[in-house]
Structures are given as structure tokens and as C-alpha cells.
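>>> this is a predicted model, with the sequence first.
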Amino acid sequence: MKKNYLFTPGPTPIPHDALLAMAQPIDYHRSEESTALILDVLEKLKHVFQTEHDVLFLTSSGTGAMEGAVANLLCRGDKVIVIRSGKFGERWTEICEAYGINVIPIDIKWGDSVPPETVETQISENPDAKAVFATLCETSTGALHDIQSIAHITQQTPTLLVVDAVSALGADDLQMDNWGVDVVVSCSQKGLMTPPGLAFAALSSRAWEVTERSDLPKYYLDYRKAHQRGLEGSVPYTPAITLLAGLQIALNHICAEGIRNTISRHSMMASATRNAIKAIGLSLFATSPANTLTSIRLPDEIDGKMFVKMMREKHGITYAGGQGELSGKIVRIAHLGWMNENDVIVAISAFERGLADIGYDMPIGAGVTAVQEIFKK
């Protein structure tokens, strides 16, 4: 009998009680009960975003919140700085260019993290840049960016800092208020342990001031409209009310654990996974790895696409492969959301077994032992 396990950086496993909440009969989204649900979810999201600012939501994937950030903050012909170190940094560029925004790229080798001083230099050379668009964790590579240091730089200037925390929210630290981040966007199917379909955004006071001057077209992705209706426990358009019911339960788990403890748990799981990969004799791809996932550089003799396919079909284990130029070259193992130490042990044990299946020479069991050494500490 095959049992399936999901170790991708989205979608992630969903708590059983959240699944049960979504299995209840659907309710009318304009009812008093739905109003209370929406208000409760938006309040709990503040804890996860580590902010006192209001959080708004859209019925969309995380890309909807990303596009909304561009459409609501900028004007025609504006100039922005975009940090590009993988597929999702590139997505910021694609969205900006779709709206006619002038992009000044900071191109970083995939797997590396941007030096904050490089961002400072670009802002100094382009003082008219309206925003810096960054990612917390570049999901395609597993690399973490130093958002705290970048925020310290942007806070000294009129330039806003907009952060894609789609995959990393709740796993890697992002102290929106304490660090001075202007906009954070995320979604439901990663660290928030809910199916895809909800996107979120939180804006600082100075970011909200900028939205008043934006002249880019917006209708469904209008942040100000979504924010105002959210304060009333409602939405401008039909929400995914069933997903909100599941999200409420998932947020209850996070709030009960406490966001600082949630991040610490992810840090421990990430450390154990990295320790295991090194013990097996493989190397990490990201130079500054995130808590969200671990990207593993594969030897030339291993076809990453074939390996991921074999693990899913033969063992019921779903890892993520490489994207774009990394296709077939890396494997990505997520330790994200509704996971604990035992899930990491399964992920590494299966990884070792898969390597043995394809005849890769390695010390079998070394990875699991390395994981246990971290947990024992």
C-alpha cells in the first residue's frame, strides 16, 4: 500500500481540522457569521505578518497580490528597482513591465542572495525609484534575502520596499513593523496551510499614502477597495468563503503556537534537513538557505526530473524539482507549514532510499542519523 507525502513548497499539507472545516456546508458570504469569520481571520493575520497594520485579502493566487502591489503603488512611467535572483524575482519584472513600469534590475546569480549594499548603491544612483521589489525566500532556489538590512536602507529614503513573502511567511522571519517593510504580500497554500486561492497584503502608512496617487488601472485588484470592505468584515466581490473557514483553523494553530515559536520550529527543521544532505555527501544549492525549503544540488549523473518522477510514482513522495534553468539539476524539499520533526525524518529517509534505488553510492542511513542529531540537541 502506498501512502502519499507532500514535501513541496506549495501546496503544503493541511491540518485535519482545517480540512473538516472546509467540508462543512457552504455559508452565504454576506451573513453575520461570515462577517465574523472575515474579521477574525484578518485580525489573526496581523500576528503572522507581525504588524499592527491592517491586512487585506483577495480571492486569487499569490501572484494576484503581487500584481495588486504594482497596480496600487505606482504611476505610469514610474521607475522601480527589482531584485532578480530566480523565477519569482523575475516575476516582479514581468508584472511591472506589463504595466509600463521602467525596471532597473539587480541580477543575482541563482542560488545567491543580494548584498544589501548593492541595493543601497542602486537607490543612490536612482533616487527617483519609487520602490524596491524583493523576495524574502526565492522559492525557485531556496535562497533567503536579508530583508531586515534592505529595509534599514529604504527607510532612510522615499523608496518603498515591497516584499514577496508568498512562500516564506510564517517560516522565515519577517518583522514588518519592527524592520520597516512597506508592503508584504503572501498567499494561503504555503506556510498558512490552506488550499490555493487566497492572497494577502499588508501596507505601511507611507505605502497607503502612495496608493492615493497611483494612476495605474485597477478594478478587481484595487487594494483600497478591498481594505475598506475588509474593515467591515466583507469584500468587494465574492470571496472563497470555504477557504476562509479552513484558514481560520490554520491560523488558530499558528496563533496558539505563537509566530516566534512557529519560525523557530521551521528553523530547526531546516537545520536538520541541511545537516542530513551534507551527511549524505551532497551539497546545498543556496548559499544562504531559507527555513522554507532546502534546495539540493544533484551530481551530473542524476537526472533530477527522473528522480522526482520516480519518487512520486514508486514511493508516494512528492518533492519539487528545479525550475527554469535549474530544471533537472536540483531537488527542493520543503519543510513548511503543518510539519514537524517526524515529517523531516520521513523526507530524508525516503530521499536516501530513492538515491539507493538509482544506484547512487552513499552511506545509507547517514542522513537520518544527522537529522536525529539536530533534534536531539
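Sure thing, it's come through.

>>> break the protein into its domains for me.
Using automatic domain parsing, the domain ranges for the chain come out as 5-11+259-376, 16-257.

>>> could I get those domains as JSON lines with mean pLDDT and mean neighbour count?
C-betas here are computed from N, CA, C, even on glycine. Listed next are the domains of the chain as JSON lines, based on pLDDT from 0 to 100; neighbours: other CB atoms under 10 Å:
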{"stretch": "domain 5-11+259-376", "mean pLDDT": "96", "mean neighbour count": "19"}
{"stretch": "domain 16-257", "mean pLDDT": "98", "mean neighbour count": "20"}
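
>>> quick one: Arg229 from Ala71, how far?
Relative to Ala71, Arg229 is positioned 17 Å away (CB to CB, to the nearest Å).

>>> what strand or helix carries Ile364?
In this structure, Ile364 sits in neither a helix nor a strand according to DSSP states H and E.

>>> that one against Glu352, yeah?
Yes. Here Ile364 lies in contact with Glu352, judged by CB atoms under 8 Å, at a distance of 5.9 Å.

>>> overlap of the contact sets of these two?
The overlap between the contact sets of Ile364 and Glu352 (CB atoms under 8 Å, 6 or more residues apart in numbering) is empty.

>>> contacting residues for Ser205?
With CB under 8 Å, 6+ apart as the criterion, the residues that contact Ser205 are His53.

>>> can you pull out the strands in the stretch 51-200 of the chain?
All strands of the stretch 51-200 of the chain, identified by DSSP state E, counting those that start in this stretch, fall at 55-58, 79-84, 102-107, 131-135, 137-138, 143-144, 160-164, 183-187, 199-203.

>>> which strands border the fourth one, and is each parallel or antiparallel?
Based on DSSP bridges, the strands next to strand 131-135 in the sheet, each with its direction, are strand 79-84 (parallel), strand 160-164 (parallel).

>>> figure out which of the ones you listed is closest to Ile330.
Minimum separation from Ile330 across those (CB to CB) falls at strand 79-84, 18.1 Å.

>>> that closest one to strand 102-107, inter-axis angle?
Orientation check (axes from the mean of the first three to the mean of the last three CA atoms, to 10 degrees): strand 79-84 against strand 102-107 gives 30 degrees.

>>> which residues sit against strand 79-84?
Strand 79-84 has contacts (CB under 8 Å, 6+ apart) with 74, 89-90, 92-93, 96, 101-108, 114, 119, 122-123, 126, 128-135, 145, 159.

>>> how far away is Asp27 from Leu203?
When distance is defined by CB to CB, Asp27 is 29 Å away from Leu203.

>>> which residue ranges of the stretch 1-150 of the chain form helices?
Remark: helices of the stretch 1-150 of the chain, listed N- to C-terminal, are 16-22, 32-49, 62-73, 87-98, 116-125, 147-154; assignment by DSSP state H, counting those that start in this stretch.

>>> packing partners for the third one?
By that I understand helix 62-73. Here helix 62-73 touches strand 55-58, helix 87-98, strand 160-164, strand 183-187, strand 199-203, helix 205-211, helix 223-231, going by 3 or more CB pairs under 8 Å, 6 or more residues apart in numbering; DSSP states H and E.

>>> before we move on, what about the last one?
If you count contacts as 3+ CB pairs under 8 Å, 6+ apart, helix 147-154 packs onto helix 116-125, strand 131-135, strand 160-164, helix 176-179.

>>> just to revisit the earlier point, closest one to Ser264 among the strands paired with strand 131-135?
Each of these was scored for nearness to Ser264 using CB to CB, and the closest is strand 160-164 (20.8 Å).

>>> how far is the closest one from where the chain is centred?
13 Å (CA atoms, centre = their mean, to the nearest Å).

>>> ok and it relative to strand 183-187, angle-wise?
10 degrees.

>>> and for strand 160-164, what's in contact with it?
When contacts are taken as CB under 8 Å, 6+ apart, the neighbours of strand 160-164 outside the stretch itself are 62, 66, 69, 73, 88, 91-92, 130-136, 147, 150-151, 154-155, 174, 180-185, 206-207, 210.

>>> Asn275 contacts Phe375, doesn't it?
No. Under the criterion of CB under 8 Å, Asn275 lies out of contact with Phe375, with a separation of 9.9 Å.

>>> tell me who's in contact with Phe7.
Applying CB under 8 Å, 6+ apart as the definition, the contact partners of Phe7 turn out to be 317-320, 333-335, 343, 347.

>>> next one: His315
Contact partners of His315, counting by CB under 8 Å, 6+ apart, are 2, 350, 353-354.

>>> that one and His152, how far apart?
Relative to His152, His315 is positioned 45 Å away (CB to CB).

>>> returning to what we had before: same list, the helices and strands packed on helix 62-73, but as CSV with distance to Tyr360 please.
Converted to CSV, the helices and strands packed on helix 62-73 look like this (distance: least, CB to CB, whole Å):
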stretch, distance to Tyr360
strand 55-58, 44
helix 87-98, 27
strand 160-164, 35
strand 183-187, 35
strand 199-203, 40
helix 205-211, 49
helix 223-231, 49
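
>>> out of those, which comes closest to Leu282?
Taking CB to CB as the measure, the helices and strands packed on helix 62-73 were each checked against Leu282, and helix 87-98 came out nearest at 22.1 Å.
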